[in-house]
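Student: What would the 3D arrangement of this be:
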Amino acid sequence: MQIFHGNFQDDDGNALSGGMCYVYGKGTTGLSSIYSDNSFSVKSNPFTLGSTADIFFYAEDGRYDIKLTKSGFDDKYWYDIQFLDGEAVKNLIDASADGVSYYWITVAARTDQADMATGEKGMMTNTASNRTAGVVGFVYIYSGAAWGYSYTMIIDGSEITSLGVSDGGTIGDPAGPRWQFDKSAGKMILLTGSDLEVVDNLTVDTINEHTAAAGVTIDGVLLKDSEVTTDVINEKIGAAGVTIDSCLLKDGNFVPASGKGMSFDPFAAGNLLDDYEQGTFTPAYSTTGTDYTSIAYDSITGGVYCKIGNLVFFSIRLRTDSVTVGSASGNLIITGLPFTSIPYGGDARYGDQAVSLAMSATFDTNHPSSGNVPANSTLIDLYYRATVNGETTAVDFRDLAIGANSNTLMIAGSYIAV
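Tutor: Residues are numbered from 1 along each chain as shown. The predicted structure is shown next:
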C-alpha cells in the first residue's frame, strides 16, 4: 500500500477546488479501488476535491492513471504512476544475495541526511553492513522511520522503479521534482509538471497539443493542423541538402525524385512538369547520303535550347568558311539537335514538326526557305521553292557553297521530344 498526495491547479497556480479526481488502472477505463488510510478504509472513486484541491488517497502496489476534471478548465492527466511500498523495497533489498550490485541516484536529499547530496549517483555492492537501517547513499533512503523521495534501482539486471515514494515528494506533487534515472545512458531525466527539462532522446508514438488548436512547438518550430511553421530548415550533413517526401532541397535548388516533378493538378493526367533544362549544342551541315569530306565553320556557328517538359525551344546560327564536297550525295540537312523528336504514332499530329528560317544567304544555287524536324531524329530537313507559288523541294547537297563566309542560316523553332 502506498499514499498519493498531489494538488490540482490552473496555469497560474490557483487551486481548482470542487474538481473531480478519477483513478484508473494503467491503460484502462476501469475505476480502481482506493482507500483513505493504510488500513483499507474504502474511499469513493471518483471523489470531489476540497477547498485546497488536495489529492490524497492510498492504493495497493501497482500502476495507475489519474484524471482531474473541472468545468471550464482543461482536463489534466497523470499516466503510469507506479505505487511501490517503500518497506517492500527494503525487504527485497535485504533479501537479495550479497554481492549483487545496485545502481543508484539521489534525487532529492533529505534535510536530515547531511552526507547525501542531491544529484549524487554511483553503484553499491549489497553487503550486510550496507543494508543497515539508517545508512544512506545507495539505492534507497532510510532514516530509521521514513522512506522518502524518488529512486530507480537495478537489482541483478531487473529494474524496479518507484517515483514519488513518500513521506516527502510524490508523483504529481507540484512542490516536488519527478525524476527518472537511465542506467544505460548514465544520466538523469527530470520531469517537472508537464515539462521535460533534461532529455537527450525522446521516442514516442504521438505528441498531442496541450491547448486545443494551439499546435505543438518544438525548439521554435510550430507543428499545427498537419502543417510545419518555421523560418529555416537546415541540412544536417554539410552539402547533403534536405529531403522532404523524396524531394531534395539543395543549394537553393529543388530536385524532385527520378520520374517525378511539379504537378499543377495531381488528379489530372498530363499535368506533371518533370523536366526543365537549358544549354547549348553544336549544329552542323550534313547530307541524307554520303557526307561531305570536311566543313570548316565560322565562329558565329552555334545553337541554344530550352527544354520545358518534353517541349524543346531552340535557336541556330550557321556559317561556313570552307567546304570540301568529296563524294557527298543526297539532300542537305542540319544535325546536332539536343534531344530526339517523338516517333510517328497513330495520332496524325505526331510526326514532322515545322521550324522557321529567319535568314538564308550565300548558298550556291538554291537557298533554303523552310525546314522541319522529322520524327524520331535529331536533325532538320531543309527545303526551297523554285517559284514563289511553287511546291517546296528538298535542298540538294550541291547547293552548299564552298567559299568563305558562305551558307548563312538563322533558324528558330520548337519540337516535341521523346
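Student: just checking, residue 301 touches residue 318?
Tutor: Yes. Assessed by CB atoms under 8 Å, residue 301 is found in contact with residue 318 at 5.3 Å. (Each C-beta comes from the backbone N, C-alpha and C, glycine too.)
Student: overlap in contacts of the two?
Tutor: In the contact map built from CB atoms under 8 Å, 6 or more residues apart in numbering, the residues linked to both residue 301 and residue 318 are residue 283.
Student: Could you pull up the mean pLDDT of stretch 24-37?
Tutor: Mean pLDDT, computed over stretch 24-37, is 92.
Student: First-to-last residue distance for that stretch?
Tutor: End-to-end distance of stretch 24-37: 18 Å, with CA to CA, to the nearest Å as the criterion.
Student: What lies in contact with that stretch?
Tutor: Residues from elsewhere that reach stretch 24-37 (CB under 8 Å, 6+ apart): 1, 22-23, 41-43, 45-46, 56-60, 62-67, 79-80.
Student: ditto for stretch 400-410
Tutor: Contact partners of stretch 400-410, identified using CB under 8 Å, 6+ apart, comprise 285, 292, 298, 315-325, 332, 334, 357-364, 368.
Student: Can you say which of those residues are buried?
Tutor: Under a neighbour-count criterion of 16 or more other CB atoms under 10 Å, the subset of the contacts of stretch 400-410 counted as buried comprises 285, 292, 298, 316-320, 323, 325, 332, 334, 357, 360, 363, 368.
Student: and residue 221, how many neighbours does it have?
Tutor: If you count neighbours by other CB atoms under 10 Å, residue 221 ends up with 14.
Student: next one: residue 287
Tutor: Neighbour count for residue 287, taken as other CB under 10 Å: 19.
Student: That one reaches residue 331, doesn't it?
Tutor: Yes. Using CB under 8 Å, residue 287 is in contact with residue 331, at 6.5 Å.
Student: Overlap in contacts, these two.
Tutor: The contact sets of residue 287 and residue 331 overlap at residue 397 (CB under 8 Å, 6+ apart).
Student: ok so, going back, any idea which of the buried ones among the contacts of stretch 400-410 is the one closest to residue 259?
Tutor: Minimum separation from residue 259 among those (CB to CB) is found for residue 316, which lies at 30.7 Å.
Student: By residue count, which strand of the chain is the longest?
Tutor: Longest strand in the chain by number of residues (criterion: DSSP state E): strand 311-324.
Student: same for that strand, what does it pack against?
Tutor: Here strand 311-324 is seen to pack against strand 284-287, strand 294-297, strand 302-308, strand 406-416 when contacts are counted using 3 or more CB pairs under 8 Å, 6 or more residues apart in numbering; DSSP states H and E.
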